[in-house]
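Student: coords please:
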Amino acid sequence: MAEKDKPAARKPVDKDAELRKEIIRTIKGPVMARLLELVPAFGAYDDPYVTIMSTPDLLSACLQLVRTRRDKFQEFLTDASGNPVGTDDVPLRCGRSVDLIVGMVVRSGTKAYADKRWGTSGTVGKPVVAPAQKGLLDKLKELVGGKWGELEQPKPSPTQGDKFYVAIKDHLDFDWQVPLIPYFAELPVKLINELGRGVTALRTPEGIAALADIGRHSMDQARKIMSDAMMREMLDTQPLAAKGVAFLGKDRYEFLHGAVYEKMGENFWEMCVDCDRLEAMEVQNAKDLEQMAEWLHLISGDTITQIVTYLQFHQIPIFLSVGQEKLGDQVFSEIFGPPGNKKLIKLFCEKVARTPLDPADPLEDLKRRLPDVFNAYMRSPADFEKGL
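Tutor: As a prediction, the model looks like this:
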């Protein structure tokens with residue numbers, strides 16, 4: 001048999017690609033139909049599937065609906081033997097678990113949003129050929145088809161959406177990331193390429209914005225932050241703390257973190273928002289700071305300075321706890337929080353320092369006497385300030 005008469009070799013079947021196609025067909029078909037039954041309002045869209053996939057808020061709501069109303073989708077959640085699957089990490093009959101399918105959907109939703117946000121790449125239009133010319137065109141294709149490869153064919157330039165999707169797609173796996181897609185999309189592609197999964201590990205829009213601001217000034221600093229679990233916690237908890245951390249510098253940050261983080265937990269990041277407070281803390285010793293750790297995110301730099309100036313080491317937590325209890329959170333914050341009332345801060349601390357205490361048990365005596373000091377202010381703030 002001549003070489004040209006041999007039948008063309010069949011392409012090997014890509015089983016994974018076939019599975020993906022089957023999953024997509026199921027989602028577009030019966031799963032979409034079930035969603036329309038549960039949420040008839042989706043029927044108002046010309047193409048509910050396209051609209052939902054390209055709208056992060058709608059897609060997120062649908063993913064949550066599948067999780068919270070699992071019974072309504074149970075017929076699709078079976079294993080190869082047809083048995084119901086009740087957990088998200090067990091493979092379904094398609095060979096993939098719910099967790100893996102959710103990852104697929106998140107990536108597809110990101111691509112759909114990017115296409116809607118920036119448009120799709122243009123395609124090279126096919127020439128319109130008159131019927132009489134078709135035979136010649138086919139012959140021409142056969143003659144040159146083997147000599148002109150794809151590299152010589154003009155290709156559409158990638159859009160910003162294409163670049164964004166290529167950069168981020170390998171770092172998307174979870175349904176909680178879906179509402180954040182519009183925020184990820186506004187990040188420079190360079191930042192996503194540099195930091196990878198560090199970007200998509202952030203859970204708040206504020207954290208994403210803070211990272212973008214840090215990366216704009218220093219990509220090295222952004223890399224350091226995303227390689228540190230504590231820094232990622234900062235961006236998720238209180239992104240504004242990034243300014244304070246930068247203000248402290250490596251050594252002072254590590255000192256303060258070691259001194260009070262264990263007692264403060266996530267409040268540590270709230271403390272770092274106020275640079276005046278951090279400046280006041282820089283000159284204090286670790287033991288004094290540890291005594292006021294429970295209140296450091298609430299009090300001002302001036303409060304810290306005056307407390308350390310006038311109060312003894314073990315008096316600090318008693319002073320702050322009794323003050324917060326007797327004044328109430330609002331008044332306590334107005335006086336001792338930033339910016340605070342410098343005159344009253346000093347006055348309260350001076351009164352405590354001048355209070356004679358029983359030498360047999362000075363701390364217990366302080367606990368007994370302090371309520372009178374704060375109550376006196378609450379009765380008549382004006383008289384208290386005058387020293388009456």
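
Student: hey, let's count contacts and neighbours off CA atoms from now on
Tutor: Fine.

Student: now the helix or strand encompassing K243, how far from the centre of its chain.
Tutor: According to DSSP states H and E, K243 maps onto helix 241-264. The chain centroid and the centroid of helix 241-264 are separated by 21 Å under C-alpha atoms, centre = their mean, to the nearest Å.

Student: For it, buried residues please.
Tutor: Of the residues in helix 241-264, 241-242, 244-245, 248, 253, 256-257, 259-261, 263-264 count as buried by neighbour count, 16 or more other C-alpha atoms under 10 Å.

Student: with those residues in mind, which one is nearest to D162?
Tutor: Taking C-alpha to C-alpha as the measure, D162 lies nearest A242 of the buried residues of helix 241-264, at 31.0 Å.

Student: what about the closest one, distance to L235?
Tutor: 7 Å (C-alpha to C-alpha, to the nearest Å).

Student: Check P40 too.
Tutor: Noted for P40: a distance of 39 Å to L235, by C-alpha to C-alpha.

Student: higher neighbour count, those two?
Tutor: In terms of neighbours (other C-alpha atoms under 10 Å), L235 is the more surrounded of P40 and L235; the figures are 25 against 11.

Student: A201 is in contact with that one, correct?
Tutor: No: using C-alpha atoms under 8 Å as the test, L235 is too far from A201 to be in contact (10.2 Å).

Student: quick revisit: what touches both of A242 and L235?
Tutor: A210 (C-alpha atoms under 8 Å, 6 or more residues apart in numbering).

Student: where along the stretch 51-200 of the chain do the strands fall?
Tutor: In the stretch 51-200 of the chain, no strands are found when defined by DSSP state E, counting those that start in this stretch.

Student: Low-confidence regions, the stretch 251-388 of the chain specifically.
Tutor: Applying pLDDT under 70 to the stretch 251-388 of the chain flags residues 388.

Student: Please repeat the previous calculation with a cut-off of 80.
Tutor: Applying pLDDT under 80 to the stretch 251-388 of the chain flags the ranges 387-388.

Student: Ok, the stretch 51-200 of the chain next?
Tutor: 120-156.

Student: let's go with 90 and repeat that
Tutor: 80-81, 94-95, 119-159, 186-188, 190-191, 194-199 (pLDDT under 90).

Student: show me where it has helices.
Tutor: Counting by DSSP state H, counting those that start in this stretch, the segments of the stretch 51-200 of the chain that form helices are 56-68, 98-118, 134-144, 160-168, 181-185, 189-195, 197-200.

Student: Relative to P359, which of these is closest?
Tutor: Using C-alpha to C-alpha, these put helix 197-200 closest to P359, at 56.1 Å.

Student: close enough to count as contact, G198 and A229?
Tutor: No: using C-alpha under 8 Å, G198 makes no contact with A229, being 9.8 Å away.

Student: Have a look at the two and say which one is more surrounded.
Tutor: Set G198 next to A229 and count neighbours by other C-alpha under 10 Å: G198 wins out with 19 against 10.

Student: Would you check how far apart the more buried one and T110 are?
Tutor: For G198, the distance to T110 - C-alpha to C-alpha - is 17 Å.

Student: Burial check on V102, number of neighbours?
Tutor: Residues contacting V102 under the criterion other C-alpha under 10 Å number 17.

Student: Also E350?
Tutor: Other residues lying near E350 total 16 when counted by other C-alpha under 10 Å.

Student: so it is in which element?
Tutor: Here E350 sits within helix 342-354, counting by DSSP H and E.

Student: Which strands or helices does the very next helix or strand once past that helix pack on?
Tutor: Next along the chain after helix 342-354, taking DSSP H and E as the criterion, comes helix 362-379. Contacts defined by 3 or more C-alpha pairs under 8 Å, 6 or more residues apart in numbering; DSSP states H and E place helix 362-379 against helix 316-336, helix 342-354, helix 381-386.

Student: Please find the angle between the direction vectors of helix 362-379 and helix 316-336.
Tutor: Orientation check (axes from the mean of the first three to the mean of the last three C-alpha atoms, to 10 degrees): helix 362-379 against helix 316-336 gives 20 degrees.

Student: hang on, isn't L240 packed against A210?
Tutor: Yes: if you go by C-alpha under 8 Å, L240 and A210 touch, sitting 7.2 Å apart.

Student: Overlap of the contact sets of these two?
Tutor: In contact with both L240 and A210: no residue, using C-alpha under 8 Å, 6+ apart.

Student: Name the helix or strand for the nearest residue to G301 once chain neighbours are set aside, please.
Tutor: Closest residue to G301 in three dimensions, ignoring its sequence neighbours and counting by C-alpha to C-alpha, 6 or more residues apart in numbering: R277, at 3.8 Å. For R277, the host element (DSSP H and E) is helix 275-282.

Student: So for the residue nearest the centre of the chain, what pLDDT did the model give?
Tutor: Closest to where the C-alpha atoms of the chain average out (C-alpha atoms, centre = their mean) is R203, at 1.7 Å. Reported pLDDT at R203 in the predicted model: 88.
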